[in-house]
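Engineer: Sequence and computational prediction follow.
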Number of protein chains: 2
Amino acid sequence: MSVPGELNPPVRVLMGPGPSEAHPRILRAMATPLLGHLDPCFLDIMDEVREMLRQVFRTGNELTIPISATGSAGMEAALANLLEPGDEALVCVNGVFGNRMCDIVGRCGAGLVRVDAPWGSPIDPEDVREALTGCRPKLVAIVHAETSTGVLQPLEEISRLAHQAGALFLVDTVTSLGGADVRVDEWEIDAVYSGTQKCLGAPPGLSPVSFSSRALEAMDSRKSKVQSWYLDLSLVRKYWGEQRVYHHTAPISSIYALRESLRIVLEEGLEARFARHKANSELLRAGLEKLGFEYLVAPEYRLPMLNTVIIPAGLEDAPTRRKLLERYNIEIGAGLGELAGKVWRIGLMGYSSSENNVNLLLSAIGKLMNG
Amino acid sequence: MSVPGELNPPVRVLMGPGPSEAHPRILRAMATPLLGHLDPCFLDIMDEVREMLRQVFRTGNELTIPISATGSAGMEAALANLLEPGDEALVCVNGVFGNRMCDIVGRCGAGLVRVDAPWGSPIDPEDVREALTGCRPKLVAIVHAETSTGVLQPLEEISRLAHQAGALFLVDTVTSLGGADVRVDEWEIDAVYSGTQKCLGAPPGLSPVSFSSRALEAMDSRKSKVQSWYLDLSLVRKYWGEQRVYHHTAPISSIYALRESLRIVLEEGLEARFARHKANSELLRAGLEKLGFEYLVAPEYRLPMLNTVIIPAGLEDAPTRRKLLERYNIEIGAGLGELAGKVWRIGLMGYSSSENNVNLLLSAIGKLMNG
């Protein structure tokens, strides 16, 4: 039998759309020997993770847990637990992840109303208001930080509109959580999901989610079973709640890593962390503008953790990214969907958001442009 | 904000139904700095994992990959990709995991035909033959190693019956893979899933799956989309295949760990590994019988990696397990479902299957029985 050699990957500077670099403390946590998923000591760790997640989501929601799969599974968990065949959902779309929500809404057997904005622009609340005059959706769904375009979406007005229409408000914070403010209770978000591998700075593998009491009522009054057994929160809740009923074997090491990443987030402090993400993004902008780059997104809607820049004329997309990777071990992100070949997505997320990383990237790009 | 202290769990001897102990090399692999999920070096790692999984599953199946969630998600992926509303499935049930398959079949909108056997006994092929005279299922599903009872299910005759009836043959190898023989091609298994945290000895988080060309044809001729976007293999395949189309962010660290665990499995050799699991199970049996324990399962159907013993009269269930955990740091498994309170499930899986662990457990149980 043929067995490959030892694991020996190059050490990369991760400045793409995620995964970001994991802090050495988080990598060390991953290497901690396993506990059983019903060990009392592991149950304590679960409680600590829930409590820290509540602080990071700024919520008192009882059902605040990590789903045992990556961020897209969190998206599916939120939609599949809230929607049933015959329901209607209004989804705001200005990038890949809004489109993904539409796909999942259809798989849930629910009707879809779309509100679109150009890729690179935020959703206009007026468009949501108008769409709501013609439908009665069970939920309004939107992406807070569109990873495919770099747009930061203001949420408060659309939250008000959703609730006025009697709908739940569902928000994708995969890329924002831990890097920009997410105020679940204050903004009256009913369902929210995120990922561990962006601004929380842990490896990919879990999707933190949180649900309001309104969302729980909607789940409790379903007429049909959730179509996914694995993501059925009526079952998952019993393991994370006081009953501790076995559902599936929790991904122990990933929860260790999430715990350590949340400790690091809270030790730094949310406000300090957001300020760091913003400051490094400004540094990057100043440098890139000197090199002749322009941004896709208007200044007031730019994400600090994901900077989408238009590739200047004369600079090749894939070959330049390849040189960055091969010569400098720096990963940046390509354009996705209709932006493929037109933009780069430069991540400054979590531990990867550092002045040193900004300096490394700027000097490498500068050399490639002049070489 | 309140931040809990450093991660400092007790070091346990894991002899329950999984997770088993991870080899130090696997823990070290988990701590390896991350690559991006589209990094050429990570794509190479994915290819190595696929090739090693094929060796462990003893298959040439092209679609042999790890699903990015735990074993139960593999179960759901297999069923949800093969079944559509209106299909019929025959599920063999002699424990918790057969029941779980029935639940998922219902969520897929498919009709269910059950063939039951008492918990602790294997499924009788005659019962399958008889059931097949009254239905035309798209698939016949069965558990190879029932983790809730400790039964090893012979598969070859039921595979023949399934194929004679024009059905696909789907097998749960969560607990057997890496600890007992699983011959996907020779036994004509069309869909198979497993977990990483049992006899492969990696942390929980991934579910290796493999599908035959017959199963791929069934997927390709679906009339409806797979209800789960996250588990939709028509999309997941494009990331693991030559196209490398982004679907979701792969759980990088878990794939590092799986790679290392597969290297360890293949370095030991499958036959040697199966023999070790069997030998340690025999040692355990000899010791437990001396202490007065009886087994739930007839000798010829006992799993070597999961030993289900009847709790002797006079020995309390939960208090004894608690003492094993608190005094000796040894975890064993409680009974599940209708066996709760009646049996213990003692795992000897992967790295946990060692003569030293057997000796530790026997002496600890002996002391508790005499103390």
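Structural biologist: Okay, I see it.

Engineer: how about stretch A:129-144: buried residues?
Structural biologist: Across stretch A:129-144, burial judged by 16 or more other CB atoms under 10 Å in any protein chain shown covers A:129, A:131-132, A:137-144. Any C-beta I mention is one placed from the backbone N, CA and C, and that applies to glycine too.

Engineer: host element of A:E331?
Structural biologist: Counting by DSSP states H and E, the element that carries A:E331 is strand A:330-334.

Engineer: Note down every partner strand of that strand and its orientation.
Structural biologist: Strand A:330-334 has the following sheet partners, assigned by DSSP bridges: strand A:13-15 (parallel), strand A:343-347 (antiparallel).

Engineer: Near chain B, which residues of the stretch 251-371 of chain A are found?
Structural biologist: Residues of the stretch 251-371 of chain A found near chain B (CB under 8 Å from any CB of the partner chain) are A:251-254, A:256-257, A:259-260, A:263, A:266-267, A:269-270, A:325, A:331, A:336.

Engineer: quick check, nearest of these to A:A298?
Structural biologist: A:L336 (19.6 Å; CB to CB).

Engineer: in which helix or strand would I find the spatially closest residue to the closest one that is not a sequence neighbour?
Structural biologist: Spatial nearest neighbour of A:L336, excluding adjacent residues (CB to CB, 6 or more residues apart in numbering or on different chains): A:S148 at 4.3 Å. In the assignment (DSSP H and E), A:S148 maps to no helix and no strand.

Engineer: Let me know the pLDDT of A:S148.
Structural biologist: The per-residue pLDDT reported for A:S148 equals 96.

Engineer: Am I right that it is in contact with A:G120?
Structural biologist: No - if you go by CB atoms under 8 Å, A:S148 and A:G120 don't touch, sitting 9.6 Å apart.

Engineer: where do the contact lists of these two overlap?
Structural biologist: A:L339 (CB atoms under 8 Å, 6 or more residues apart in numbering or on different chains).

Engineer: Of these two, which one has the most company?
Structural biologist: A:S148 (28 against 22; other CB atoms under 10 Å in any protein chain shown).

Engineer: How is chain A divided into domains?
Structural biologist: Annotated domains of chain A cover A:13-18+A:270-370, A:24-266 [automatic domain parsing].

Engineer: For the longest helix along chain A, C-alpha coordinates in CSV please.
Structural biologist: Taking DSSP state H as the criterion, chain A has its longest helix at helix A:270-290. Taking Å, rounded to 0.1, in the frame of the first residue of the first chain, the C-alpha atoms of helix A:270-290 are listed here in CSV:
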residue,chain,number,x,y,z
LEU,A,270,-14.7,43.6,21.2
GLU,A,271,-14.2,47.4,20.7
ALA,A,272,-10.5,47.1,20.6
ARG,A,273,-10.7,44.3,18.2
PHE,A,274,-13.0,46.2,15.9
ALA,A,275,-10.7,49.2,16.0
ARG,A,276,-7.7,47.0,15.1
HIS,A,277,-9.5,45.6,12.1
LYS,A,278,-10.4,49.1,11.0
ALA,A,279,-7.0,50.5,11.5
ASN,A,280,-5.2,47.8,9.6
SER,A,281,-7.8,48.1,6.8
GLU,A,282,-7.0,51.9,6.6
LEU,A,283,-3.2,51.1,6.4
LEU,A,284,-3.9,48.7,3.6
ARG,A,285,-6.0,51.2,1.8
ALA,A,286,-3.4,53.9,2.0
GLY,A,287,-0.8,51.6,0.6
LEU,A,288,-2.9,50.1,-2.1
GLU,A,289,-4.1,53.5,-3.3
LYS,A,290,-0.4,54.6,-3.6
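
Engineer: residues of it that come out buried?
Structural biologist: For helix A:270-290, the neighbour count (16+ other CB under 10 Å) marks A:270, A:273-274, A:276-278, A:280-281, A:283-285, A:287-288 as buried.

Engineer: and what of stretch A:75-86?
Structural biologist: A:75-84.

Engineer: Can I get the residues you listed in CSV including distance to chain B and pLDDT?
Structural biologist: Output for these, formatted as CSV (distance: CB to the nearest CB, whole Å; pLDDT from 0 to 100):
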residue, distance to chain B, pLDDT
A:M75, 8, 98
A:E76, 5, 98
A:A77, 9, 98
A:A78, 12, 98
A:L79, 9, 98
A:A80, 8, 98
A:N81, 13, 98
A:L82, 15, 98
A:L83, 12, 98
A:E84, 12, 97
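
Engineer: ok, those residues vs A:L43, which is closest?
Structural biologist: Looking across the buried residues of stretch A:75-86 and measuring by CB to CB, the closest to A:L43 is A:A77, at 21.5 Å.

Engineer: Leaving out the residues flanking it, which one is nearest to that closest one?
Structural biologist: Ranked by CB to CB, 6+ apart and with sequence neighbours excluded, the top spatial neighbour of A:A77 is A:L231, at 4.1 Å.

Engineer: For that neighbour, give me its contacts.
Structural biologist: So A:L231 contacts A:67, A:69, A:73, A:76-77, A:80-81, B:228, B:230 (CB under 8 Å, 6+ apart).

Engineer: So A:D87 is in contact with A:A110, correct?
Structural biologist: Yes - between A:D87 and A:A110 there is a contact at 4.4 Å, judged by CB under 8 Å.

Engineer: what about those two, which has more around it?
Structural biologist: A:A110 (22 against 18).

Engineer: residues contacting that one?
Structural biologist: With contacts defined as CB under 8 Å, 6+ apart, A:A110 is in contact with A:83-89, A:138.

Engineer: burial of A:K198, as a residue count?
Structural biologist: Residue neighbour count, defined by other CB under 10 Å, stands at 30 for A:K198.

Engineer: do the same with A:S20
Structural biologist: 31.

Engineer: Likewise for A:L90?
Structural biologist: Using other CB under 10 Å, A:L90 has 28 neighbouring residues.

Engineer: Pretty sure it sits in a helix.
Structural biologist: No - A:L90 is assigned strand when assessed by DSSP: H, G, I helix; E, B strand; the rest coil, not a helix.
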